[in-house]
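Undergrad: Turn this into a structure:
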Amino acid sequence: MPNDRLKDALQASGMTPESLADELEVDAKTVRRWISIGRTPYPRHRSAIAAMLDEAEEYLWPNIDTAERQARVSESEVIRTYPRRFQVPSELWRRLFDNATERIGILVYSGLFLPEHDPHLIEALQRKAEAGTKITVLLGDPDCGAVAVRGREEGIGDALAAKIRNVLAFYEKLRGTEGVFVGFHTSTLYNSIYRYDDEMLVNTHVYGFPAAHAPVMHLRRLAGGTLFNSYADSFDRVWTASRDAWTGDHGKVRP
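TA: Below you'll find the predicted structure:
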């Protein structure tokens, strides 16, 4: 859409697109695009234009502050990245788990390392659920095509489906526990997600590498950010389409 505020401010100042272009040392066609189709100038140009026209940047480009602030906040949601999952400190996993009071969500194909590395995990999840924390564990359906493809990509073939069946045996102890959902999904995962209230670990999936050797982002939700919410929404989409690992019931029905 045309930027009528910029057009009017130019006219009020007695400047033309050509004279503004000369001052900024840019092509006059560029200035005309800023006006006629509302294209947004680079930040350095916006600052110079606002000063020359004696107008606030927020007035000339009312949407830009929101977009840039959102981008800055989203960048701040990344607390740290780890080149490999196995480099994430065990103390961080424990802190995130212990501090979660509202929601713990696990979205993986198998995630066998969790109960294998912590023999008390299942009992701890049960205690969390009894204290009111909602627990959602989403495993890949061992019979689905996505699991078969991922197994081939990792070079382990049918072993991934076997790992899923093995890990389900651990979660069997949670069957029937109020507040706990353990389900199967058939989604292609581009990341494994481990959510603990408003923090999460996002383990990327890299072709040809097991998840333990792929990067991890540690995120914390911030007001006005979008990065955490993007992964949280992805989690919920898979949850919606999942089914109970034992009964076959759907995992979540959207209101």
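
Undergrad: Next, Leu189: phi, psi?
TA: phi -100, psi 130 (degrees, to the nearest 10).

Undergrad: list the contacts for it?
TA: Leu107, Val108, Tyr109, Gly140, Ala146, Arg150, His205, Val238 (Cβ atoms under 8 Å, 6 or more residues apart in numbering). Quick note: C-beta positions are derived from backbone N, CA and C, even for glycine.

Undergrad: mind listing the strands for the protein?
TA: 78-82, 103-107, 134-140, 180-185, 191-196, 199-204, 216-220, 243-244 (DSSP state E).

Undergrad: Any buried residues in the fifth one, and which?
TA: Buried residues in strand 191-196, counting neighbours by 16 or more other Cβ atoms under 10 Å, are found at Asn191, Ser192, Ile193, Tyr194, Arg195, Tyr196.

Undergrad: The third one: what's it in contact with?
TA: It stands for Ile193. Gly105, Ile106, Leu107, Met200, Leu201, Val202, Asn203, Tyr231, Ser234, Phe235.

Undergrad: Give me the buried subset of those.
TA: So, by 16+ other Cβ under 10 Å, the buried ones in those are Gly105, Ile106, Leu107, Met200, Leu201, Val202, Asn203, Tyr231, Ser234, Phe235.

Undergrad: tell me which of those residues is nearest to Arg5?
TA: Closest to Arg5 out of these is Tyr231 (36.3 Å), distances taken as Cβ to Cβ.

Undergrad: all helices of the chain, in order?
TA: 4-13, 17-24, 28-36, 43-53, 57-60, 64-76, 90-99, 113-117, 121-130, 145-154, 159-171, 227-241 (DSSP state H).

Undergrad: Which pair of the buried residues of strand 191-196 spans the longest distance?
TA: Asn191 and Tyr196 (15.6 Å).

Undergrad: re earlier: using JSON lines, please lay out the strands of the chain together with distance to Leu114 and mean pLDDT.
TA: JSON lines is the format used below for the strands of the chain (distance: least, Cβ to Cβ, whole Å; pLDDT from 0 to 100):
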{"stretch": "strand 78-82", "distance to Leu114": "16", "mean pLDDT": "96"}
{"stretch": "strand 103-107", "distance to Leu114": "7", "mean pLDDT": "98"}
{"stretch": "strand 134-140", "distance to Leu114": "9", "mean pLDDT": "97"}
{"stretch": "strand 180-185", "distance to Leu114": "13", "mean pLDDT": "96"}
{"stretch": "strand 191-196", "distance to Leu114": "8", "mean pLDDT": "98"}
{"stretch": "strand 199-204", "distance to Leu114": "11", "mean pLDDT": "98"}
{"stretch": "strand 216-220", "distance to Leu114": "14", "mean pLDDT": "97"}
{"stretch": "strand 243-244", "distance to Leu114": "20", "mean pLDDT": "95"}
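
Undergrad: Figure out which of these is closest to Leu60.
TA: strand 78-82 (30.8 Å).

Undergrad: Give the buried residues for that closest one.
TA: Residues of strand 78-82 classed as buried under the neighbour-count rule (16+ other Cβ under 10 Å) are Tyr82.

Undergrad: Given that strand, what are its sheet partners and their directions?
TA: Here strand 78-82 is paired, per DSSP bridges, with strand 216-220 (antiparallel).
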